[in-house]
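> Have a look; sequence and predicted model below, questions after that.
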Amino acid sequence: NAGVMQNPRHLVRRRGQEARLRCSPMKGHSHVYWYRQLPEEGLKFMVYLQKENIIDESGMPKERFSAEFPKEGPSILRIQQVVRGDSAAYFCASSPSSGTGGGNTEAFFGQGTRLTVV
Amino acid sequence: AQSVAQPEDQVNVAEGNPLTVKCTYSVSGNPYLFWYVQYPNRGLQFLLKYITGDNLVKGSYGFEAEFNKSQTSFHLKKPSALVSDSALYFCAVRDRSTGGFKTIFGAGTRLFVKA
């Protein structure tokens, strides 16, 4: 059973370009979370999604950032018109649905995508 | 709203000595509590969790944590530190009363173990 897969591992974008970060959750997991980690800082919650639904996006910047988790395929975190301040590590995590694990189940993390805006 | 505080940015300990990494939390209901470890340029690895029952939780690599409801704390401990334990440690909380899965992380504590 493969773990949470994120790609690319490293992404370099020029200011003003778009960044697309992909996350494939563990098999059987229907909950996906995105976190941002700035250099030398902790993880900041961005968004929590279930299949085809955004459950909690309270940590997402109001502009330029969007996330989706379609019925088929990976979850996508999209950053439009990137700026230097978007440079960070973006981590995806997944956990099982409430039917099998409930809220007491730990989340499993991917290796992260390190975005550098030049 | 749920929150987590890790009051120490850094903890230094000599190899073979016991270590403690502190964590306090705030939730409106009862918590699920987690500890994760992050090695350089890697994702987070799960160490242990408190769900219910025994307040002392044992986890991976010899780590354990004690849930203290009155002090709203969940400190991570290890009886004898190893140099290889040097890493960034994160405490995390979920509010079980909301029925949700949103996990809030502390800012992290960097552990240095000297040989």
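Now that the structure is in, tell me what you want to look at. Numbering: from 1, shown residues only, chains lettered A, B, ... in the order given.

> Enumerate every residue touching the residue nearest the centre of chain A.
Most central in chain A under CA atoms, centre = their mean is A:W34, positioned 3.2 Å from the mean C-alpha point. For A:W34, the residues meeting the contact criterion (CB atoms under 8 Å, 6 or more residues apart in numbering or on different chains) are A:23, A:46-47, A:49, A:67, A:75, A:77, A:90-92. Quick note: C-beta positions are derived from backbone N, CA and C, even for glycine.

> What about these, which one has the most neighbours?
Neighbour count (other CB atoms under 10 Å in any protein chain shown) singles out A:C92 as the most crowded of these, with 29 neighbours.

> in the sheet, who's paired with that one?
Per DSSP bridges, the residues bridged to A:C92 are A:W34.

> got a list of what residue 8 touches?
Unless you meant another one, I'm taking chain A. Applying CB under 8 Å, 6+ apart, we find A:P8 in contact with A:21-22, A:113.

> Actually, chain B is the one I wanted.
Listed by CB under 8 Å, 6+ apart, the contact set of B:E8 reads B:21-22, B:109.

> Helix or strand: which one has the nearest residue to B:F34 once chain neighbours are set aside?
For B:F34, ignoring the flanking residues on the chain, the nearest one in space by CB to CB, 6 or more residues apart in numbering or on different chains is B:A92 at 4.3 Å. Taking DSSP states H and E as the definition, B:A92 sits inside strand B:87-95.

> After that strand, heading C-terminal, what element do we hit next?
Taking DSSP H and E as the definition, the helix or strand that follows strand B:87-95 towards the C-terminus is strand B:104-105.
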